[in-house]
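1. Sharing a model prediction with you, sequence too.
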Amino acid sequence: MVRHAKHSESSTWRSQAGAWVLAWLLCWAGFNGAHAQSKAELQRQRDAITAQLATTERLLTTAKKNRNNAVAELQLVDQRIALREQLIRHHKQEIASLEREMAGTDSEIRTLEGHIAQLKDEYARMIVQAYRMHLAQNPLLYLFSAEDFSQAALRFQLLQSYATLRKEQVDAITRNQQQLTVERTALTTARERAGVVLAEMNTERDRLAADRSGRAALVDKLKREESRLREEQKKAEKERNRLNNEISRMIEKELAAERATTSGEFALTPAGKVVSEQFEKNKALLAWPVKRGVVTGKFGRQNHPTLAGIVLDNNGIDLTTDAGAEVTAVFKGTVSSVFQLPGAGSTVILSHGAYRTVYSNLESVSVSKGATVNAGAAIGRARTVEGSGTVHFEVWHIDGSNKTPQNPQQWLTKK
């Protein structure tokens with residue numbers, strides 16, 4: 001009976017130990033999977049910010065070469081400051097993530113050390129018990145000293161279980177010691193990475209301070225040129241109003257032509273409603289009209305960056321990009337209008353049911369009215385002004401007689 005109890009106890013312990021190891025491995029795998037996903041997302045965000053910073057730096061270098069491009073330079077400096085602030089926040093997030101990783105790894109190390117100590121202790125007790133039962137000293141003598149065949153068979157099973165359990169204990173200790181080495185290496189790597197990120201964050205803070213100082217100097221310079229800037233602003237406002245009026249007129253002309261047909265306004269037809277719904281479903285998912293660019297003119301009303309009392313009103317956004325950069329459709333649509341304005345380049349309007357996307361300040365156009373273009377298809381090239389490409393982009397919603405400009409940045413995918 002005693003031997004039966006010991007055999008049962010050994011089997012139960014082996015089963016519980018196996019279950020514990022399996023549960024721990026699953027937990028560890030889940031933790032590391034989630035952590036890897038978090039690291040991958042942080043890296044993706046970091047790469048996106050770094051890419052935008054590189055584009056801004058390049059465009060800013062071009063703007064600085066032009067004496068009459070100081071306002072654009074200021075807008076690019078503001079964008080660079082915003083990106084540096086964003087990168088610093090990202091560094092803080094990464095450091096916090098690394099601190100959580102180190103805390104988790106440290107906890108895993110303590111758990112592994114405790115488990116290894118437990119396994120070694122149980123292994124030692126198992127050896128002691130084996131010697132007491134003469135399993136290790138002379139297994140054959142123990143087997144042949146059985147009183148009958150049934151007892152001999154039981155002792156044979158016990159010897160097999162002892163050998164298997166001993167091997168499993170040794171293997172478990174070895175696996176846990178190997179994992180402990182992996183965890184200690186991961187902790188060292190995380191600590192080193194945290195030091196690198198902290199140094200990068202401090203460097204970025206120094207650059208941010210320099211940018212803010214440079215911005216203050218640039219604003220002072222622009223204030224000394226206020227009269228020239230006010231004249232330029234009047235001219236720019238006049239051109240913008242002329243463009244706004246022409247865009248509104250062309251959209252109304254398109255709608256009037258649709259209403260004159262037997263099917264009526266396209267957006268109100270079943271096919272038009274499908275197109276409108278498809279466009280709406282892609283809100284915040286539309287690709288940008290230029291591959292690389294910086295928003296230097298935001299949507300809506302805002303104060304002029306340097307001129308007091310001047311309020312800018314923008315029906316879309318202005319993008320500074322590379323000279324002659326390719327401009328592409330943000331969504332599949334039909335070219336409903338193509339027109340040109342002196343001083344404002346060419347404009348292309350795409351129809352998407354109850355929506356219109358407008359691409360202005362183009363140097364050249366590669367589509368014609370009535371053509372169907374897919375998302376990402378080239379429609380023209382950005383007009384070059386003082387060394388940089390500039391594109392004006394708008395999104396309109398048509399609801400009966402109401403034509404409402406939308407904030408394009410709410411429709412485009414976040415960079």
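-> Nice, I can see it.

2. Next, Ser337: secondary structure please.
-> strand (DSSP: H, G, I helix; E, B strand; the rest coil).

3. Tell me the bridge partners for it.
-> Ile349 (DSSP bridges).

4. Might one say that it is in contact with Ser248?
-> No - Ser337 is not in contact with Ser248 according to Cβ atoms under 8 Å; the separation is 11.4 Å. Quick note: C-beta positions are derived from backbone N, CA and C, even for glycine.

5. Tell me which of these two has more neighbours.
-> Comparing Ser337 with Ser248 by other Cβ atoms under 10 Å, the one with more neighbours is Ser337, at 19 against 14.

6. and the more buried one, what does it touch?
-> Going by Cβ atoms under 8 Å, 6 or more residues apart in numbering, Ser337 touches 250-251, 253-254, 347-349, 369.

7. again, only using 7 Å
-> Under the criterion of Cβ atoms under 7 Å, 6 or more residues apart in numbering, the contact list for Ser337 reads 250, 254, 349, 369.

8. give me every residue that touches the third one.
-> Contacts for Ile349 were tallied using Cβ under 7 Å, 6+ apart; they are 250-251, 336-337, 356, 358.

9. can you tell me which of the residues you listed lies nearest to Asp318?
-> Taking Cβ to Cβ as the measure, Asp318 sits nearest to Val358 out of those, at 12.4 Å.

10. and the gap between the residue lying closest to the closest one once chain neighbours are set aside and Asn314?
-> Once flanking residues are discounted, Val358 sits nearest to Glu394: 3.9 Å by Cβ to Cβ, 6 or more residues apart in numbering. Remark: distance between Glu394 and Asn314 (Cβ to Cβ, to the nearest Å) = 9 Å.

11. Pick out whichever of those two has more residues nearby.
-> Taking neighbours as other Cβ under 10 Å, Glu394 and Asn314 compare with Glu394 leading, 23 against 19.

12. Can you pull the phi/psi pair for that one?
-> phi -130, psi 160 (degrees, to the nearest 10).

13. Which elements pack onto whatever helix or strand Glu237 lives in?
-> Assigned by DSSP states H and E, Glu237 belongs to helix 226-259. Helices and strands touching helix 226-259, by 3 or more Cβ pairs under 7 Å, 6 or more residues apart in numbering; DSSP states H and E, are strand 333-341, strand 345-352, strand 355-365.

14. Mind putting these into CSV with distance to Ile116?
-> Formatted as CSV, the helices and strands packed on helix 226-259 follow (distance: least, Cβ to Cβ, whole Å):
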stretch, distance to Ile116
strand 333-341, 65
strand 345-352, 64
strand 355-365, 63
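
15. For Ala48, find the nearest of those.
-> Per Cβ to Cβ, nearest to Ala48 of the helices and strands packed on helix 226-259: strand 355-365, 23.3 Å.

16. so how far is the helix or strand just after the closest one off the chain centroid?
-> Sequence-wise, the next helix or strand downstream of strand 355-365 (DSSP H and E) is strand 372-373. Chain-centre distance of strand 372-373: 30 Å, with Cα atoms, centre = their mean, to the nearest Å.

17. Ramachandran coordinates for the nearest residue to His397 once chain neighbours are set aside?
-> Nearest non-adjacent residue to His397, counting by Cβ to Cβ, 6+ apart: Thr404, 4.8 Å away. Geometry field for Thr404 lists phi and psi as phi -120, psi 120, criterion degrees, to the nearest 10.

18. Could you check the pLDDT of Thr404?
-> Thr404 carries a pLDDT score of 93 in this model.

19. same deal with Arg292?
-> pLDDT, Arg292: 88.

20. Let me know which of the helices and strands packed on helix 226-259 is the nearest to Leu229.
-> strand 355-365 (20.2 Å).

21. so where's the stretch 301-415 of the chain shaky on pLDDT?
-> Residues of the stretch 301-415 of the chain meeting the criterion pLDDT under 70: none.

22. Name the surrounding residues that touch stretch 237-255.
-> By Cβ under 7 Å, 6+ apart, the surrounding residues in contact with stretch 237-255 are 265, 315, 336-337, 339, 341, 343-344, 347, 349, 351, 356, 358, 360, 396, 398, 403.

23. in that stretch, what's buried?
-> By neighbour count with 16 or more other Cβ atoms under 10 Å, stretch 237-255 contains the buried residues 240, 243-244, 246-247, 250-251, 254-255.

24. and which of those residues is nearest to Ala325?
-> For the buried residues of stretch 237-255, the nearest to Ala325 is Leu243 (19.7 Å; Cβ to Cβ).

25. Compute the distance between the closest one and Ile398, please.
-> 18 Å.

26. circling back: counting neighbours, show which residues of the next helix-or-strand element following the helix holding Glu237 come out buried.
-> Going down the chain from helix 226-259, the next helix or strand is helix 270-281, by DSSP H and E. By neighbour count on 16+ other Cβ under 10 Å, the buried set for helix 270-281 is 272, 275-276, 279.

27. which among the residues you listed gets closest to Gly380?
-> Lowest distance from Gly380 to those (Cβ to Cβ) belongs to Phe279, with 20.8 Å.

28. quick one: contacts for the closest one?
-> Counted by Cβ under 7 Å, 6+ apart, Phe279 has contacts 331, 352-353, 355.

29. Most neighbours of all those, which one?
-> His352 (25 neighbours).

30. so who does Asp399 touch?
-> Ala354.

31. wait, Ala354 sits on Gly400?
-> No - if you go by Cβ atoms under 7 Å, Ala354 and Gly400 don't touch, sitting 9.7 Å apart.

32. out of these two, which sits in the more crowded spot?
-> More crowded of Ala354 and Gly400, by other Cβ under 10 Å: Ala354, with 21 against 10.

33. Now do the more buried one against Lys281, distance only.
-> For Ala354 relative to Lys281 (Cβ to Cβ), the value is 13 Å.

34. and the closest residue to Arg80 other than its chain neighbours, what are its phi and psi?
-> Leaving aside its sequence neighbours, Arg80 sits nearest to Thr56 (Cβ to Cβ, 6+ apart; 4.9 Å). Dihedral pair for Thr56: phi -60, psi -40, per degrees, to the nearest 10.
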